[in-house]
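Student: Dropping a prediction and its sequence here:
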Amino acid sequence: MARSSQLYTDAQRTRRDTTMWTQVQGILALLQFVVFAISVGLVLRFLLTGEGYHIATVSIVAKTAVLYLIMITGAIWEKIVFGQWLFAPAFFWEDVFSFVVIALHTTYLFGLITGVVAAETLIVIVLAAYAAYIINAGQFLWKLRIARLQSQVVA
């Protein structure tokens with residue numbers, strides 16, 4: 001199946017530009033990055049000093065909550081713009097990698113809540129989750145850049 005090199009059709013671009021969910025995604029993406037940056041600092045503090053495990057844990061749980069929220073609202077956005085909840089061709093690989101990010105964060109929460117995973121292992125899991133998040137955020141930023149460049153050509 002051949003796919004257009006355009007990220008959005010004209011109709012999809014119109015739906016993207018008129019739905020409130022586009023703005024919601026932008027706000028949540030910024031919020032998630034701020035929570036992530038704070039959490040990284042707290043996790044690194046714990047790793048370097050052995051202090052602040054509780055506050056680092058709170059920040060990781062907050063980051064995970066924002067991640068879940070952005071995933072739910074992102075699925076709504078995809079449904080409105082592309083007509084399907086997830087894995088629209090234009091964002092297929094970003095969605096696939098988002099599930100990797102979610103799986104790692106969820107593994108962290110499972111280990112934390114059940115207590116079956118040692119604190120040191122939880123920190124390793126969260127570092128992997130955060131590395132995956134950075135990659136995934138880069139994927140979405142790349143798509144945002146492509147969309148802006150394509151919008152300039154269309155305009």
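Tutor: Arrived safely, thanks for sending.

Student: Quick one: low-confidence residue ranges for the chain.
Tutor: 1-4, 154-155 (pLDDT under 70).

Student: Mind naming the longest helix for the protein?
Tutor: Longest helix in the chain, counting residues (DSSP state H): helix 119-154.

Student: If you count neighbours, what's buried in it?
Tutor: 122-123, 125-130, 132-133, 136-137, 139-140, 147 (16 or more other C-beta atoms under 10 Å). C-beta: built from backbone N, CA, C; applies to glycine.

Student: hey, where'd the strands end up in this structure?
Tutor: Counting by DSSP state E, one finds no strands in the chain.

Student: Show me where it has its helices.
Tutor: Counting by DSSP H, the chain has helices at residues 10-18, 20-49, 53-82, 92-114, 119-154.

Student: what angle do the longest one and helix 10-18 make?
Tutor: It stands for helix 119-154. Orientation check (axes from the mean of the first three to the mean of the last three C-alpha atoms, to 10 degrees): helix 119-154 against helix 10-18 gives 120 degrees.

Student: distance between helix 119-154 and the chain's centre?
Tutor: Helix 119-154 sits 7 Å away from the centroid of its parent chain (C-alpha atoms, centre = their mean, to the nearest Å).

Student: And that helix, what does it pack against?
Tutor: If you count contacts as 3 or more C-beta pairs under 8 Å, 6 or more residues apart in numbering; DSSP states H and E, helix 119-154 packs onto helix 20-49, helix 53-82, helix 92-114.

Student: How about exporting the shortest one as CSV, limited to the C-alpha atoms?
Tutor: Included here for helix 92-114 are C-alpha records, laid out as CSV according to Å, rounded to 0.1, in the frame of the first residue of the first chain:
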residue,chain,number,x,y,z
PHE,A,92,2.3,4.3,13.7
TRP,A,93,5.9,4.0,15.0
GLU,A,94,5.5,6.8,17.5
ASP,A,95,2.5,4.9,18.9
VAL,A,96,4.4,1.6,19.0
PHE,A,97,7.2,3.2,20.9
SER,A,98,4.7,5.0,23.2
PHE,A,99,3.6,1.5,24.3
VAL,A,100,7.2,0.6,25.1
VAL,A,101,7.4,3.8,27.2
ILE,A,102,4.0,3.0,28.9
ALA,A,103,5.1,-0.6,29.5
LEU,A,104,8.2,0.5,31.3
HIS,A,105,6.4,3.0,33.4
THR,A,106,3.7,0.5,34.2
THR,A,107,6.3,-2.1,35.2
TYR,A,108,7.8,0.5,37.6
LEU,A,109,4.4,1.1,39.1
PHE,A,110,3.7,-2.6,39.4
GLY,A,111,7.0,-3.2,41.2
LEU,A,112,6.4,-0.2,43.5
ILE,A,113,2.9,-1.1,44.4
THR,A,114,3.4,-4.8,44.9
